[in-house]
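Participant: Turn this into a model:
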Amino acid sequence: MLGGEEGIAVSGSAELRCFSAMASLLLRGIGTLVKSLAGLSCGQAPRCSSSSLPSGISSLQFSSTRCFSERPTVRDHPKRPLSAYIRYFMDQHVILHKQHPDLKRTEITRKIGQEWKALPDFVKEPYIVAANAERQKYKEEVKIYEDHLTPLEKKVQKAERQQKLAKRKSSRKRRELINMGKPKRARNAFNIFMSEHFQDASGMKAKEKFKSLFDDWGILESSRKQTYIQLAEDDKIRYENEMKSWEEQMIEIGREDLIRLKQRNKLKKLRPILKGPKVASKKKKTSVSRLKQSRKTAEPNEGRKARSRISRHEE
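Facilitator: Reported below is the predicted structural model:
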């Protein structure tokens, strides 16, 4: 008969062997399932028919495409070819950077652009020929690429293209507003607090600094918070005054599309009042209607005269 400690050791080893056997069986089952799923294609995935399902869930369908398929992605689109100017720019940029290492990138770009404009046609010709050849090759690659796209991939590509166009349009408009001198938006109290204490905030990355400043703002005394709230109110007044004068300038130069929607609607309501009542337009309408009526009455009279002339000729 085994002692207490020996009995416990034997029972523990038996449980361990049993657990290891169960784990190995489970791993074998998972491996078999993975192999069977790997052999199935999306088109060959079986669906449960209504006859094989119970009556309560006959409308449900199960497929491997729903369970295991990822988000549809579009294959890499052929890259656009470089233009003749970009080819010339890449050649000259290396040379100018070696000759003038102290020059800024913007100055080098401006200098190369001026040189390209002054170049004669026979110097530009090799770059233009190479660019045209690459463009023709690009068109052929795009045609092959689009022929191999599935309908789902075409939809995804169209959505991505629309997103890119919308992003490009918004960035272009933002750049235009900056160039036109649109005032900066008013800052709130937390933004003013963050701009003052950002350099001294704890953390190496900007995200860490922002988190620490947000925590500091939460525990800040109400009396100190009130100072930043008052600064935010003053900044709001500044923004409104600057926007009012800027929008007046935009209206004067005929760029009403850049002003705020609220001000644009106000301007539409004020225009009829500034122009006065539409009396002249009514007079024009009445004169036009009278002219039409006179033409209508004149046409039958001319017809009668013509008929009387024909009858007299026949007599």
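
Participant: Which stretches in the stretch 101-250 of the chain count as helices?
Facilitator: 105-118, 121-147, 151-179, 189-197, 206-218, 222-252 (DSSP state H, counting those that start in this stretch).

Participant: measure K266 to R161 for me?
Facilitator: Look at K266 and R161: by C-beta to C-beta, to the nearest Å, they are 37 Å apart. The C-beta positions use only the backbone N, C-alpha and C, and glycine is treated the same way.

Participant: any chance of the helices of the stretch 101-250 of the chain in a markdown table, with mean pLDDT and mean neighbour count too?
Facilitator: Shown next, in a markdown table, are the helices of the stretch 101-250 of the chain (pLDDT from 0 to 100; neighbours: other C-beta atoms under 10 Å):
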| stretch | mean pLDDT | mean neighbour count |
| --- | --- | --- |
| helix 105-118 | 91 | 12 |
| helix 121-147 | 93 | 12 |
| helix 151-179 | 90 | 11 |
| helix 189-197 | 92 | 16 |
| helix 206-218 | 91 | 14 |
| helix 222-252 | 93 | 13 |
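
Participant: how about those helices in JSON lines, adding distance to F89?
Facilitator: Shown next, in JSON lines, are the helices of the stretch 101-250 of the chain (distance: least, C-beta to C-beta, whole Å):
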{"stretch": "helix 105-118", "distance to F89": "5"}
{"stretch": "helix 121-147", "distance to F89": "10"}
{"stretch": "helix 151-179", "distance to F89": "22"}
{"stretch": "helix 189-197", "distance to F89": "38"}
{"stretch": "helix 206-218", "distance to F89": "34"}
{"stretch": "helix 222-252", "distance to F89": "36"}
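
Participant: between these, which gets nearest to K79?
Facilitator: helix 121-147 (7.8 Å; C-beta to C-beta).

Participant: Show me what the closest one is packed up against.
Facilitator: Counting contacts by 3 or more C-beta pairs under 8 Å, 6 or more residues apart in numbering; DSSP states H and E, helix 121-147 packs against helix 84-99.

Participant: what do you get if the cut-off is 10 Å, keeping everything else the same?
Facilitator: Contact analysis of helix 121-147 by 3 or more C-beta pairs under 10 Å, 6 or more residues apart in numbering; DSSP states H and E lists helix 84-99, helix 105-118, helix 151-179 as its packing neighbours.

Participant: Show residues contacting the second one.
Facilitator: The set of residues external to helix 105-118 that reach it, using C-beta atoms under 10 Å, 6 or more residues apart in numbering, is 84-85, 88-93, 95-97, 100, 103-104, 123-124, 127.

Participant: Please pick the buried ones from the residues you listed.
Facilitator: Buried residues within the contacts of helix 105-118, counting neighbours by 16 or more other C-beta atoms under 10 Å: A84, Y85, Y88, F89, L96, Y127.

Participant: Columns distance to W116 on top of those residues, output as TSV?
Facilitator: Output for those, formatted as TSV (distance: C-beta to C-beta, whole Å):
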residue	distance to W116
A84	9
Y85	6
Y88	6
F89	8
L96	13
Y127	9
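
Participant: which one in those is the model shakiest on?
Facilitator: Lowest model confidence among the buried ones among the contacts of helix 105-118 falls on L96, which carries 89.

Participant: so who does it touch?
Facilitator: Contact partners of L96, counting by C-beta under 10 Å, 6+ apart, are L103, E107, I108, T109, K111, I112, E115.

Participant: Relative to W217, how far out is it?
Facilitator: 49 Å.

Participant: can you check N188 too?
Facilitator: Distance from N188 to W217, by C-beta to C-beta: 11 Å.

Participant: One more: K158?
Facilitator: The span separating K158 from W217 equals 44 Å under the rule C-beta to C-beta.

Participant: Also Y239?
Facilitator: Taking C-beta to C-beta, one finds Y239 at 22 Å from W217.

Participant: you'd agree A133 is up against P81?
Facilitator: Yes: at 8.6 Å, A133 counts as touching P81 under the criterion of C-beta atoms under 10 Å.

Participant: Backbone dihedrals for L103, please?
Facilitator: Phi and psi for L103, reported as degrees, to the nearest 10, are phi -70, psi 140.

Participant: again but with A186, I slipped
Facilitator: Phi and psi for A186, reported as degrees, to the nearest 10, are phi -70, psi 140.

Participant: Just list the residues touching it, thanks.
Facilitator: Counting by C-beta under 10 Å, 6+ apart, A186 touches A232, E233, D234, D235, K236, I237, R238, Y239, E240, E242, M243.
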